[in-house]
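Trainee: Below is the sequence, then the predicted model.
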Amino acid sequence: MPDDERGPVAAGTGWPGDPATATTPVALTAGDVVALAGAAGGADELDACASVCRACPRLVDWREEVARVRRAAYAGERYWGRPMPSFGPPDARVLVVGLAPAAHGGNRTGRIFTGDRSGDWLFAALYRVGLAASPTSTAAGDGQRLLDARITAAVRCAPPANKPTPAERDVCRPWLVRELELLRPRLRAIVVLGGFAWQALWPALADAGFGLPPRRPAFGHGARVELPALAGAPAGPLLLGCYHPSQQNTFTGRVTAAMLEDVLGAAARHAASGGDQDASARTVQSRSSALDPTEGS
Ligand code: SF4
């Protein structure tokens, strides 16, 4: 591969699904993230601005270094090397929230949960419950579509060891807040993958104007929280906890295909019905989760 094809993809140079152009404004500081996220008038603009963000120096260095060096198995491939845009229709009623892209998964392919084992598990489950058009997601431009679902991440850049710092999580939060604000009118269910995303989501929900319960519920697989209804709405969205389909969790059987399908299916049915008609994902608060360091995707 020629040297000029190593490293991050320049905005607007033809990568499939690249939401940005050469003139998309670039956030260089936490204040820029607040300003640009807040000003985004729609999901496309939000994705474009987020996908060129450079506000976290450690994460920018890491994602771009990974894109230059690459894993041997992908030595002939160009890496995306930029923050993850969300994936799925902007009016989706189901939102899936993960931790952060994986260095050789989303950071390589430019699509969240695409190109690694975690994504293989997630997309297969989404397909089985009717939220994805195909059971696999291998590359941007492969034809995959989400159906009434959208996937995003608490942190949009691949972090070293899949561990963003609390400060990086907080700097990235305005992108998630704006995503939630834009989805809010139709949003019916949120599936949260793993304890890190669960913790990151609550302050973002508050900043996005969602009603919250008086106490923050503990994360667990099958944890289920009905958010209070907002003025003029019959009900608030349903929040569902789900163990992350990380390699560690799937290898050890901590999460199985059936467990993923149960939670995603509950979200899909809840969104479609407009109410709680599913008993399969009742709260299982006793199975609380520690943060799994391998849970990026
Ligand atoms: S983690 Fe978020 S805020 Fe930080 S550089 Fe990446 S996109 Fe920007």
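Mentor: Arrived safely, thanks for sending. Nothing here was measured: the structure is a model prediction, and the numbers come from that model. Numbering: from 1, shown residues only.
Trainee: All the helices of the chain, in order from the start?
Mentor: 30-39, 43-50, 57-69, 106-109, 117-128, 166-183, 195-207, 247-251, 257-273 (DSSP state H).
Trainee: Do I have it right that N249 meets A257?
Mentor: No: between N249 and A257 there is no contact under Cβ atoms under 8 Å: 11.8 Å. For every residue, glycine as well, the C-beta is placed using N, CA and C.
Trainee: neighbour count winner among those two?
Mentor: Just comparing N249 and A257: by other Cβ atoms under 10 Å the higher neighbour count belongs to N249, 24 against 13.
Trainee: Distance of the nearest residue to Q199 once chain neighbours are set aside relative to the ligand?
Mentor: Spatially, and ignoring its direct neighbours in sequence, Q199 is nearest to F219 (7.4 Å; Cβ to Cβ, 6 or more residues apart in numbering). Distance from F219 to the ligand, counting by Cβ to the nearest ligand atom, to the nearest Å: 21 Å.
Trainee: Please apply the same query to D207.
Mentor: Remark: distance between D207 and the ligand (Cβ to the nearest ligand atom) = 15 Å.
Trainee: and what of P166?
Mentor: P166 sits 12 Å away from the ligand, going by Cβ to the nearest ligand atom.
Trainee: Same question for V129.
Mentor: In terms of Cβ to the nearest ligand atom, V129 sits 29 Å off from the ligand.
Trainee: for E77, same thing?
Mentor: Distance of E77 to the ligand, computed by Cβ to the nearest ligand atom: 21 Å.
Trainee: shaky segments in the stretch 1-150 of the chain?
Mentor: 1-4 (pLDDT under 70).
Trainee: Quick one: name the residues of it near the ligand.
Mentor: With Cβ under 6 Å from any ligand atom as the criterion, the stretch 1-150 of the chain meets the ligand at residues V33, A50, C53, R54, A55, C56, L59, V60, P83.
Trainee: same check, this time on the stretch 151-297 of the chain
Mentor: V155, R156, C157, E168, V171, C172.
Trainee: neighbour-wise, which of those leads?
Mentor: Comparing these by number of neighbours (other Cβ under 10 Å), V155 comes first, having 30 neighbours.
Trainee: Can you name the residues that contact W121?
Mentor: P245, T250, V255, A257, L260 (Cβ atoms under 8 Å, 6 or more residues apart in numbering).
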